[in-house]
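Enquirer: Would you be able to build a 3D model of this:
(2 chains)
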Amino acid sequence: MTVTLNPLYRFDTFVVGSANRLAVTAAKAVAESPGTVYNPLFIYARPGLGKTHLLMGLGHAARAIDPNLQVEYLTLDEFVEAFHAAIAAGHGEAYRKRFLDVGLLLVDDVQFLTHRREMQAELLRLTDALQTTNRQIVLTSDRPPGEIEALDERLIRRFAGGLIIDVSAPDYETRVAILRRKAEERRAAFADGVLEAIASLDIDNVRELLGALNRLVAFQAVSDKPIDAEQAKAMIGGAAGTKAGGDAASVRRGDQQPPKVATRPPQALAARPDEFSDFLSEISATVAQQVDAWRTQIGAAILRWEGEGYRTGRLQKLLEQEILPDPAQALRDFECDVQRLRDMEAETAELAADLVGSAAFRDPADLAAAESLLARARQGAVPPAAPSPLWRMNDWVEGPSAKVALEAARTVVREPGSRYNPLVIVGAGGTGKTHLLHAIGHALGGTSSPPVACLSAPEYTGELIEAIDRDAIGIWRSRYRRIAALLLDDVHLIGDTDRTQDELFLLYNVLLESGRQMIFTSAVPLADILGLEPRLRTRLEGGLVVDLSPPDREVRERIVARELEAKIGEADPGLADHMAARPADSVRMLLAHLQRVLNAAEARHVQPTVGLAREVLDGVMPGPPVEATDAGRPRRPPGQRSSGIVAPTAGGARSREKMVWEWPELADRLLEDWR
Amino acid sequence: MSLVNFTAREITCKIVYYGPGRSGKTTNLQYVYGRVPESRRGRMVSLATQTDRTLFFDFLPLELGSISGFATKFQLYTVPGQSYYNATRKLVLQGADGVVFVADSQARRFDDNLESLQNLQDNLLAQGVDIRQLPVVFQYNKQDLPRDLILTHEEMDDALNFRAVHSFAGDALHGTGVFETLRGISELVLKRLAAGAVAG
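Expert: Numbering: from 1, shown residues only, chains lettered A, B, ... in the order given. As a prediction, this is how the structure comes out:
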């Protein structure tokens, strides 16, 4: 019900002149100490002289002095309406009480109390109650209380008991001051004398005075040159246009002239000030509205797209133009680009979720930036390293040493992500961890989509470093978030790589939550990995850790047999047995031994035999004892090269294996020369 | 006629006052002429007969100045009302952006009004213009005459304003309704810009 005080209606925006000085002084006094000096304060003035302004100004000032003061402003009509509503609702008493809590009650337009006996009684009661409790009531009217028709005599006496004060029409100086202040507020500059000319007209109503000013502002806005005082006076004062002799009726009657081309004299017409100015103002508004409709369109589009988070600099630039021949096309282009950004963002979301929401996807004026971001995302979308197709489960030679690991691998392939997640394979170098890892990877799907990532820990770290270097960490992460399974070889090498461990930890959680398989291999037991964060270690240990032991004799024999079969077909049946009987920590070592034997056989153009193997691997010459040389050392068989460093035969197999038996000719010669 | 010329940055509105003879078309223009500051109006050209009836047409150019960056010009024309000047009416009507139909409110001119309105419709049609597509307003002039001689605004609307377009009661001689009518038609004409129907 209560109207909020208009923030513009303050004392400091009220132009004080001799006509209203007393009223303003009284109002200020009341604002400073409500309820004590003039209570009630009754201000009356003809319409348009600032009663409401003064009343609200008083409210503002009082509230500024005492922020806790409850100030209520309402017009009499609102007062009456609220009263009727309260009575109808049976809350009459509550209504009365409500005003008794108000510290400063401002009632506008009380002249409407005329013939409202019950409201007069109510106001009388309220005034008494407020006065009794030292609360202030200020009333305004367009006439003094005595002239309000049928006003209760007691009310008149109450008002007279406070202060009744009038505001009269502003004098010339005040009018000039008002016009200047308002012109300044509207940032309108007029030629000297214009405002004075308007003030000199017989306009004693401030509202009309401001109307005149508005008209001047509108007219000057569409004029080629500033209006001067005379024009202004003519426009506002009713002397607009040119008045000359003859009226329309006489023209109608005609002057019996023969047909001619003539310039008709202007008509003397009843004074109707400003018809043309009004027309012009309205036409200006219409033209501005219609011709500049595109500005409205663009403005609306700017609001819309800004609301949706897009940059609208491009549209704002359009507004700087005076003319936009095809706004619809400009908007279509903009929308098209926004759509393109959306598409790119959607694609990027698939590739690199963390790039979504990037500012580059919000500026239709710079599609290139978004395209470049998308390109980066696409680049990052290259699937991670896949398991090598060379290593397959079928190639794996099964034996007691690898039984557990192999069974676990088969389970994982059968039920990825559910039974053993993660699976950690621990085994010394050369025991076939990598083979098994890649074989599992291949069985899990290999390069199908989504891909299986199979790489070594150092490769993983290398990628991370590169991603950090390219500032593409998000893309890199996304790349791994999409994989079907993670197979990380040599996880023991991530010790002391804090960032890699952090990233692996994050990835681990993501993959585990989504039920995707992870397999790790390590050359050392997890507990022995130096620098491995406990949170990662415990997680790895939480899966299934299986040991891959060095190949046992059975495995070694089958491996050798298979290799011989593959390389030379039929071979000495004892050779495989001999090779398998030799100690070997790993399959890799076993294969290296075999390869040496095979190389020697090839060099001598003979079949690999046990004897040759003994000779090559153990340095034992076949056949009759070798003649002793002068130095008592065995003679080298023809064609066999030796480094000359002979390890002790007993238990020296490992050392001998480290010897280089086949020298490149140049090196051989250099070595011989050096000797 | 191009109403808005973006290249030359001009808005030109051609408004034709149409209606039966002696309905007050020229008076409308004269009133406007009298209210426009000299700097803003061109020479009002009238071709009148000995009895001051419009022989050819009246033409009143109005320069409204620069509005929103456009040099805005209004060209107000009247046509000769008498039925035998139809060729002239057609000529003047060409390229009109809007028409003010000035009807004579006197009851005895009822048929003249209808005939003129029909003539307007025919002439527009001859130029390939559908009157329903053209901004038109009505002015029922001479409403100042004694009540028993004239039809009221409502009666005139019933008689002529089938499409319920804007209509104004007028007393062109004293200026009542003259600018209101002009404003009404001007706004209609300018609003067509928004639809882009005549933007060039």
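
Enquirer: Residue 125: neighbour count?
Expert: You didn't pick a chain, so chain A it is. 12 (other CB atoms under 10 Å in any protein chain shown). In short, each C-beta sits where N, CA and C put it, glycine included.

Enquirer: was after chain B, sorry
Expert: Counted with other CB under 10 Å, the neighbours of residue B:125 add up to 11.

Enquirer: which ones are touching it?
Expert: Shown in contact with residue B:125 (CB atoms under 8 Å, 6 or more residues apart in numbering or on different chains): residue B:131.

Enquirer: helix or strand for it, which one?
Expert: Secondary structure assignment for residue B:125, by DSSP states H and E: helix B:110-126.

Enquirer: any idea how far that helix is from the chain center?
Expert: 14 Å (CA atoms, centre = their mean, to the nearest Å).

Enquirer: for the record, mean pLDDT for it?
Expert: Helix B:110-126 comes out with an average pLDDT of 94.

Enquirer: in which helix or strand would I find residue A:176?
Expert: Using DSSP H and E, residue A:176 sits within helix A:172-185.

Enquirer: Now do the buried residues in that helix.
Expert: Going by neighbour count (16 or more other CB atoms under 10 Å in any protein chain shown), the buried part of helix A:172-185 is A:174-180, A:182-183.

Enquirer: tell me which strands and helices it is in contact with?
Expert: Applying 3 or more CB pairs under 8 Å, 6 or more residues apart in numbering or on different chains; DSSP states H and E, one finds that helix A:172-185 contacts helix A:194-200, helix A:206-221.

Enquirer: then it to CSV, C-alphas only?
Expert: Only the C-alpha atoms of helix A:172-185 are listed here, as CSV (Å, rounded to 0.1, in the frame of the first residue of the first chain):
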residue,chain,number,x,y,z
TYR,A,172,10.8,34.6,-12.0
GLU,A,173,14.2,33.9,-10.4
THR,A,174,13.0,30.6,-8.9
ARG,A,175,11.6,29.6,-12.3
VAL,A,176,15.0,30.4,-13.9
ALA,A,177,16.7,28.4,-11.2
ILE,A,178,14.3,25.5,-11.7
LEU,A,179,14.8,25.5,-15.4
ARG,A,180,18.5,25.7,-15.2
ARG,A,181,18.7,22.8,-12.7
LYS,A,182,16.4,20.6,-14.7
ALA,A,183,18.2,21.5,-18.0
GLU,A,184,21.5,20.5,-16.3
GLU,A,185,20.0,17.3,-15.1
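
Enquirer: Just the CA atoms from the strand ranked longest in chain B would do, formatted as PDB, please.
Expert: Longest strand of chain B, by residue count under DSSP state E: strand B:54-67. Extracted C-alpha coordinates of strand B:54-67, given in PDB (Å, rounded to 0.1, in the frame of the first residue of the first chain):
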ATOM      1  CA  THR B  54      -8.000  22.800 -56.600                       C
ATOM      2  CA  LEU B  55      -7.400  22.400 -60.300                       C
ATOM      3  CA  PHE B  56      -4.300  20.300 -60.200                       C
ATOM      4  CA  PHE B  57      -2.900  19.600 -56.800                       C
ATOM      5  CA  ASP B  58      -1.500  21.300 -53.700                       C
ATOM      6  CA  PHE B  59       1.900  20.400 -52.600                       C
ATOM      7  CA  LEU B  60       3.500  21.200 -49.300                       C
ATOM      8  CA  PRO B  61       7.000  20.000 -48.600                       C
ATOM      9  CA  LEU B  62       8.000  19.800 -45.000                       C
ATOM     10  CA  GLU B  63      11.600  19.500 -43.900                       C
ATOM     11  CA  LEU B  64      11.600  17.900 -40.500                       C
ATOM     12  CA  GLY B  65      15.300  18.200 -40.200                       C
ATOM     13  CA  SER B  66      17.700  15.400 -39.200                       C
ATOM     14  CA  ILE B  67      16.000  12.700 -37.200                       C
END
